[in-house]
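Visitor: What shape does this take:
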Amino acid sequence: MKNNILWRIIVAAIVIGIGAIYALPSFLAEDNALRNVLPDKEINLGLDLQGGINLTLGVDMETSYKNSLNQLGEQIRSELRDDEVLILRPRAINKEKLQFVLLKSSQKQKLEDYINKYYNKQLKITRVEDLKKDQLRYTLAYTSSYKEKIKDMTIDQVLKVVRNRINQFGVNQPDIRKLQNDRIQVQLPGLENAKRAIELVKRTALLELQLVNDEADLEKARDGVVPPGSELAYMYESGAQGDKKGEPIVLKKRTLMTGEHISDANVAYGRYNNPYVSLTFDPIGARKFERLTGKYQGKRMAIVLDDKVYSAPTIQEKIRGGKASITGQFKLQEARDLAIVLRAGSLPAPVEILQERSVGASLGKLSIQQGVRSMVVGGILILLFTIIYYGIGGVIVDTLLGFNLLLILGVLAGFGATLTLPGIAGIILLIGTAVDASVLIFERIREEFRRGMSARKAVDEGFSKSTLTIVDANVTTIIAAIILYQFGTGPIRGFAVTLAIGIVASMFTAIFVSRIFFDLWLQRNKPGTALKL
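Guide: So this is what the prediction gives:
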């Protein structure tokens, strides 16, 4: 009997001790010496408790559909060229249709067989028109399944890129999730600089290398007369806003290389301590960049990011090693943010800020104070009621409630969970509901006393007959919490997390730990001693 109690005491002490070790750092000051020996994990406070920014992003799916169609068109043209089938001007005419011209109508069957064989899952031919000079104009449209696939891929990629940017931005425990209707929710607890966060999130970060058309007349280009195959762009100026633009420059439309092969981007400093962004390409990008710089020696190559020209240096020689740089009139913060978005990758489609909401830290502090106050008041009332109604059993229940709360906080801290206002509500609810298991056990023991059983027999029967009922009731609650977490939004998920953790902790303390107290009492008292409940 003594050995049985001893191993249960050891198990309970280990579990509760681990909970205390993980819970303690959340209540210690930053300079406390104990932090050097305790785990470095803490309970993270959600947006509603420490303030921050809540953004709702809308993804421009029309642009994504068009970009995908243009890529498919270029891919088909390149592949057919190998089979000596020439098509001209493949382009998206809207978000669903791709158009191109077949140079020789005699190759109609060969073209259609190729499309139906290799692209039947992506595209279907909807129209064929006869043109002059023995040419045919084809119109192709997305298949419904592939269009849905592009939508899912675009949203997932936007989610991944935004998450990477925010993680590198240094926000603690951001909440980034997919919503309905092509929307994404971004919650940034503890962040107050809304403008910088919005610019970082919504930036497309499409990096392109294009040749400069130095032969073009800038004055005519300003008036809208641009040479065929060229376009007017503007040099980047730090701090430029609204309609303010830098110096004009004429670029050749063809993009020689994009930023898809960037493996790293960091802030570096020039000769006069001016910041710039240093780029490193992956092996594929390094080979492509070396080939381009060798081919266009003596010409100017513009580095364009989101339609802004950051620099247009003259290529002096072939550049090996996969290194490049983006220079400009950068402020240090601008260079850092630019490096972040380039490292995280470009967005597959532009995003729009549909809703922006800021929560002040003072509101979060007030919420914590009110939540703690309600927890203390509710806890004191429960403590007094259980002692008055159950006597020594009430003392046991009150001790178990303390253990229960300690375990909840320890698990939240250990897993790095985020505590929200609904989470505090869940803890307050558990203070009351955690008593339920003990009440079932105590009432069952009382019933066995009324039947004339001894204290030892009543305790044994009370625990054995109550355990299945307690487990059954709490398992169904845990299932409900899992469903809430799976399908709920941020606040509901926060409530579900604390509810599930609290239910498991209350079952452990009510069934396992409380039995230790009863067995110790029975061991210290003589048989026949009345147990007052």
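Visitor: Could you report the neighbour count for Leu232?
Guide: Per other C-beta atoms under 10 Å, the neighbour tally for Leu232 reads 18. In this view, the C-beta of every residue, glycine as well, is placed from N, C-alpha and C.
Visitor: Tell me the confidence at it?
Guide: pLDDT recorded at Leu232 is 88.
Visitor: likewise Leu140?
Guide: 93.
Visitor: and it, what element?
Guide: Element membership for Leu140, per DSSP states H and E: strand 135-142.
Visitor: Not counting that strand itself, show me its contacts.
Guide: The contact list for strand 135-142, computed with C-beta atoms under 8 Å, 6 or more residues apart in numbering, reads 65, 69, 87, 93, 96-105, 108, 111, 115, 122-131, 150.
Visitor: Counting neighbours, which bits of it end up buried?
Guide: By 16 or more other C-beta atoms under 10 Å, the buried positions in strand 135-142 come out as 136, 138, 140-142.
Visitor: Distance to Ala302 added to those, as CSV?
Guide: What follows is the buried residues of strand 135-142, written out as CSV (distance: C-beta to C-beta, whole Å):
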residue, distance to Ala302
Leu136, 37
Tyr138, 34
Leu140, 33
Ala141, 35
Tyr142, 33
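Visitor: Between all of those, which two are separated the most?
Guide: Leu136 and Tyr142 (20.7 Å; C-beta to C-beta).
Visitor: Can you pull the domain assignment for the chain?
Guide: Residue ranges for the domains of the chain, per automatic domain parsing: 2-51+360-524, 62-147, 203-357.
Visitor: So which residues of the stretch 101-250 of the chain form helices?
Guide: 108-118, 144-169, 194-202, 218-222 (DSSP state H, counting those that start in this stretch).
Visitor: By mean pLDDT, show me the worst of the ones you listed.
Guide: When I compare those, helix 194-202 is least confident, with a mean of 77.
Visitor: Which strands or helices does that one pack on?
Guide: In terms of contacts (3 or more C-beta pairs under 8 Å, 6 or more residues apart in numbering; DSSP states H and E), helix 194-202 is packed against strand 52-59, helix 144-169, helix 332-344, strand 351-359.
Visitor: From Gln99, how far off is the residue nearest to Lys97 when sequence neighbours are not counted?
Guide: Of all residues not flanking Lys97 in the chain, Ala141 sits nearest, at 5.1 Å (C-beta to C-beta, 6 or more residues apart in numbering). Separation of Ala141 from Gln99 (C-beta to C-beta, to the nearest Å): 10 Å.
Visitor: show me the contacts for the most centrally placed residue in the chain.
Guide: Centroid-nearest residue in the chain, with C-alpha atoms, centre = their mean: Ile176, separated by 3.6 Å. Contacts for Ile176 were tallied using C-beta under 8 Å, 6+ apart; they are 159, 162-163, 166, 184-187.
Visitor: give me the beta-bridge partners of it?
Guide: Judged by DSSP bridges, the bridge partners of Ile176 are Val186.
Visitor: Please settle this for me: is Ala302 part of a strand?
Guide: Yes: under the criterion used here (DSSP: H, G, I helix; E, B strand; the rest coil), Ala302 sits inside a strand.
Visitor: Just list the residues touching it, thanks.
Guide: 209-212, 233, 249, 251, 309, 311-312.
Visitor: partners of it in the sheet?
Guide: Bridge pairing for Ala302 (DSSP bridges) gives the partners Gln210.
Visitor: Make a ChimeraX selection of the buried ones in the contacts of strand 135-142.
Guide: Of these, the buried ones go into a single ChimeraX selection, burial set by 16+ other C-beta under 10 Å:
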select :65,69,87,97,98,99,100,101,102,104,111,115,122,123,150
